[in-house]
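Colleague: After the sequence you'll find the predicted model.
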Amino acid sequence: MFIIEKLINVVAPHYCMVCGYEGAVVCAWCLPDFAAPLPERCYVCKVTTKNSAVCKKCRRKSLISHVWVRTQYEGPAKQLIHDFKFGRKLAAAEPIAQLMAESLPFLPASTIVVHIPTATNRVRKRGYDHAEKIARALAGRLGLHHETLLMRTTQTRQVGAKRIERFAQMQDSFRARHPEKLQEATVLLIDDLTTTGATLEAAAKCLKSAGAKTVNAVVFAQK
Ligand SMILES: [Zn+2]
Ligand SMILES: [Zn+2]
């Protein structure tokens, strides 16, 4: 935890957003029932698949092998993401990471955790990259290595764009950093939210062109 956040915590302690208990954004008692887990399914067409694999049909248009999604983007989960991103509730990274970790199977120790970088103009506005915070918390929990291996090349906002437009907008919007670390690598992509998957797929495309062998992803919520 950052010193500044510790200070904020002393001045204005966190209260559980479910029961109001003092000390955590979501307390230990409320966390297990906080975000209903989604069934294992293909994140594109929602058909049931083993271990949340992208189904055979969707594999033709997807570069990602497995996408684990913890929960639906609604209710308290939606509120938690909103507070985290816009309400400066940095401590929300921990419960989000814990809930995401619970959706994951065992992953090989060589897996590299890579977050989808937030557009720099938004990082500047908020003062932190929320996806990076989740990735660090999650990697810590899983005992995996986190690396910042992606950077943004564009600042495109996706709001309002249709699915097909989103995919077109996101093309080539990432660049790989340290491609030498990506050779034959298995990557676990991290983001808080996905809708159409355009951002995840663009990131996967970039990582694979840079040399990654397998790209999987874990997302907190899907719209
Ligand atoms: Zn509680
Ligand atoms: Zn599918």
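Modeller: On my side now, so go ahead. Ligands and ions are numbered 1, 2, ... in the order given.
Colleague: now His82, what's its secondary structure?
Modeller: helix (DSSP: H, G, I helix; E, B strand; the rest coil).
Colleague: for Cys45, same thing?
Modeller: Going by three-state DSSP: Cys45 is coil.
Colleague: separation between it and Lys56?
Modeller: 10 Å (Cβ to Cβ, to the nearest Å). Every C-beta, even on glycine, is put in place using the N, C-alpha and C of the backbone.
Colleague: before we move on, what about Glu201?
Modeller: For Glu201, the distance to Lys56 - Cβ to Cβ - is 17 Å.
Colleague: More neighbours: these two, which one.
Modeller: When Glu201 and Lys56 are compared for neighbours, Glu201 comes out ahead with 24 against 10, by other Cβ atoms under 10 Å.
Colleague: got the CA positions of the helix or strand hosting the more buried one in PDB?
Modeller: Here Glu201 sits within helix 198-209, counting by DSSP states H and E. Extracted in PDB, the C-alpha atoms of helix 198-209 (Å, rounded to 0.1, in the frame of the first residue of the first chain):
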ATOM      1  CA  ALA A 198     -11.900  -5.700 -28.800                       C
ATOM      2  CA  THR A 199      -9.200  -4.400 -26.400                       C
ATOM      3  CA  LEU A 200      -8.200  -7.800 -25.200                       C
ATOM      4  CA  GLU A 201      -8.000  -9.100 -28.700                       C
ATOM      5  CA  ALA A 202      -5.900  -6.100 -29.900                       C
ATOM      6  CA  ALA A 203      -3.500  -6.600 -26.900                       C
ATOM      7  CA  ALA A 204      -3.300 -10.400 -27.700                       C
ATOM      8  CA  LYS A 205      -2.500  -9.600 -31.300                       C
ATOM      9  CA  CYS A 206       0.300  -7.300 -30.300                       C
ATOM     10  CA  LEU A 207       1.800  -9.800 -27.800                       C
ATOM     11  CA  LYS A 208       1.600 -12.700 -30.300                       C
ATOM     12  CA  SER A 209       3.200 -10.700 -33.100                       C
END
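Colleague: can you list the residues that contact that helix?
Modeller: Here helix 198-209 makes contact (Cβ atoms under 8 Å, 6 or more residues apart in numbering) with 62-64, 67, 114, 116, 149-150, 158, 163, 166-167, 169-176, 182, 187, 189, 191, 194, 215, 217, 219.
Colleague: next SSE after that helix?
Modeller: As assigned by DSSP H and E, the chain's next helix or strand after helix 198-209 is strand 214-222.
Colleague: What count of nearby residues applies to the nearest residue to Glu40 once chain neighbours are set aside?
Modeller: Leaving aside its chain neighbours, Glu40 sits nearest to Ser52 (4.8 Å; criterion: Cβ to Cβ, 6 or more residues apart in numbering). By the criterion of other Cβ under 10 Å, Ser52 has 23 neighbours.
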